[in-house]
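Engineer: Build me a model from this:
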Amino acid sequence: MSRASRPGQTRPTAVIVIAPDERSAEIHIDGHRQVVTGQVPKDTRRAALDTATEHAARIGLPVLIDARDANGYWRLVATPDGVVQSADHPGTEEPLPPQPGTDPSGGRTGRGLIIAGAAAVALALVAGVGVASWQLLPLGGAPQAEESDDAVLEHPAPVGFTDSVVFDHALAPGTLPGISRDGEQLAFVGPDERLNLLAADGTREWAADLPVGGAEVIGAPRFVVYDGEPAVVLETSEELLFWPTGGGAHETVPLGSEASPQYVGGSVLVRSDEERLVASGGELVEVDLPDGGGAMLADGDRVLVATANGPWSWVDLEGQTEEVDPRRPDEAGEMLGIVTALREYVIIRWEALRGDGEYLAFHDSETGESVGGAEIAEGDLEDAAHSSGPIGSELLAYGPVVVNPGSGDSAVVDGFEPTVSAGPRVYGELTGSTVAVDAGGEPVDLEEGAQAPSGLLGENAVVVHEDHLYAIPPQ
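Structural biologist: All right, here's what the predicted structure looks like:
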């Protein structure tokens, strides 16, 4: 999806990236790339903004400008009559975050960057582009910065977290960030179409240019294991792109036209017609499945294969098989069947030990031991979603069942549709409202306008609002 056609975006968008030497700039408009140059920085900026305003005049519509250089990032609007102004508040420029890789406030950027050319915005409202609007982009040198301790969300925070902003970053329009399973790293694609990797404290570990257009990327970045090493993967309609989290060049794995990657385990499992494949050595390798078994997920170079009413097996690329027998929970009778496998767990329905209900249990996929479960009514799982989002490190949820795998404590929240687990809470939908549920099963409504977290990065929740990610601390 191009920037000009993304949902909720009513105006075309231009992306301007000023080169580090400030002698050239790339402008991306409507899928086309153009390079302009200047003898001095102000000429480069003037030429870049002229390109955006010329496009606005040509199409007769205002054009949003996402502009950045080595010091910062700005969002502007170019009108068909040649005026450039702030995208949000004409006459004043809202602070926006620094470019990934710059850290003017010691890793706590918030939204504290002051635009040195803010006064020029008002002037640009009545002046032509060639007069003053180039000043909206800095002429060089370190940007002014404020401490981010006072930065706050402009919308309510989710339950359990404050509205203070530890750091934030702009996202490529319509995209979402990805967070590692251990909460130690975050990956996102910025407006400049670069993949960024952040550490738990928000510092950037590296950034890499995308080898494809940002509009070709499907879904969020995902953290996986590839060839035995941790990696970030991006998916397009034609390939998987793997970057080692430790840094280095990416590797491409082609996808066939029928391929459907899945990410509910530690690695990518690819379904293609009747084949089940994993990515290894720059290609997709088929896994030889036992007769009667179905591939549930991949972890490293192994695939978890299960039958409906029996044990499951781990099968590696050499065809070696390790069988795992589920251990019957004390609260359960006979096994009714395997429901699914998500992350480190196989979810199984058992007969209730007493009564007519069922017992839903989460089993360790390596040992078969139950880590917790709860009695449910028959039919409670009819609308349960096959999603790994609610499988967290502190709480697990599937359908109405919420389990603490550390203590084994559980709760049943009738009608609950979990979407994501973040720390000591699971967020989801209940009777049409977004709620947070704790280990005790007590739902609390989120304030109107609050967003459920995408996950935890360190101790901070990551929330996304209007193509921007924010890290906010717990209460």
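Engineer: so what are the domain limits for the protein?
Structural biologist: What automatic domain parsing lists as the domains of the chain is 1-151, 264-322, 331-472.
Engineer: what's the span of the last one from first residue to last?
Structural biologist: Across domain 331-472, the terminal residues are separated by 40 Å (Cα to Cα, to the nearest Å).
Engineer: isn't A220 right up against G174?
Structural biologist: No. In this structure A220 lies outside contact range of G174 using Cβ atoms under 8 Å: 10.9 Å. In this view, the C-beta of every residue, glycine as well, is placed from N, C-alpha and C.
Engineer: Can you tell me the closest non-neighbouring residue to R343?
Structural biologist: Excluding its sequence neighbours, the residue lying closest to R343 (Cβ to Cβ, 6 or more residues apart in numbering) is I391, at 4.3 Å.
Engineer: Could you look up the next helix or strand downstream of the longest helix along the chain?
Structural biologist: Across the chain, the longest stretch assigned as helix under DSSP state H is helix 41-59. Next along the chain after helix 41-59, taking DSSP states H and E as the criterion, comes strand 63-68.
Engineer: any idea of the angle that next one forms with helix 41-59?
Structural biologist: With axes from the mean of the first three to the mean of the last three Cα atoms, to 10 degrees applied, the angle from strand 63-68 to helix 41-59 works out at 160 degrees.
Engineer: Packing partners of the longest helix of the chain?
Structural biologist: Applying 3 or more Cβ pairs under 8 Å, 6 or more residues apart in numbering; DSSP states H and E, we find helix 41-59 packed against strand 13-18, strand 24-29, strand 32-37, strand 63-68, strand 73-78, strand 84-86.
Engineer: who wins for proximity to A384 among these?
Structural biologist: Proximity of these to A384 was assessed by Cβ to Cβ; the nearest stretch is strand 13-18, lying at 38.6 Å.
Engineer: Paired strands for that closest one, with orientation please.
Structural biologist: Strand 13-18 pairs in its sheet with strand 24-29 (antiparallel), strand 63-68 (parallel), by DSSP bridges.
Engineer: and the last one, average pLDDT?
Structural biologist: Think strand 63-68. For strand 63-68, the mean pLDDT works out to 84.
Engineer: Using PDB, write down the CA coordinates of that strand.
Structural biologist: Below are the C-alpha coordinates for strand 63-68, written out as PDB (Å, rounded to 0.1, in the frame of the first residue of the first chain):
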ATOM      1  CA  VAL A  63       0.900  17.100   0.100                       C
ATOM      2  CA  LEU A  64       2.100  15.800   3.500                       C
ATOM      3  CA  ILE A  65       5.900  16.000   3.900                       C
ATOM      4  CA  ASP A  66       7.900  13.600   6.100                       C
ATOM      5  CA  ALA A  67      11.300  15.300   6.100                       C
ATOM      6  CA  ARG A  68      14.400  14.200   7.900                       C
END
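Engineer: so which of the strands paired with strand 13-18 is the most packed in?
Structural biologist: Mean neighbour count (mean count of other Cβ atoms under 10 Å) peaks for strand 63-68 among the strands paired with strand 13-18, with a mean of 25.
Engineer: that older thread, got JSON lines for the domains of the chain, with distance to L210 too?
Structural biologist: Output for the domains of the chain, formatted as JSON lines (distance: least, Cβ to Cβ, whole Å):
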{"stretch": "domain 1-151", "distance to L210": "12"}
{"stretch": "domain 264-322", "distance to L210": "18"}
{"stretch": "domain 331-472", "distance to L210": "17"}
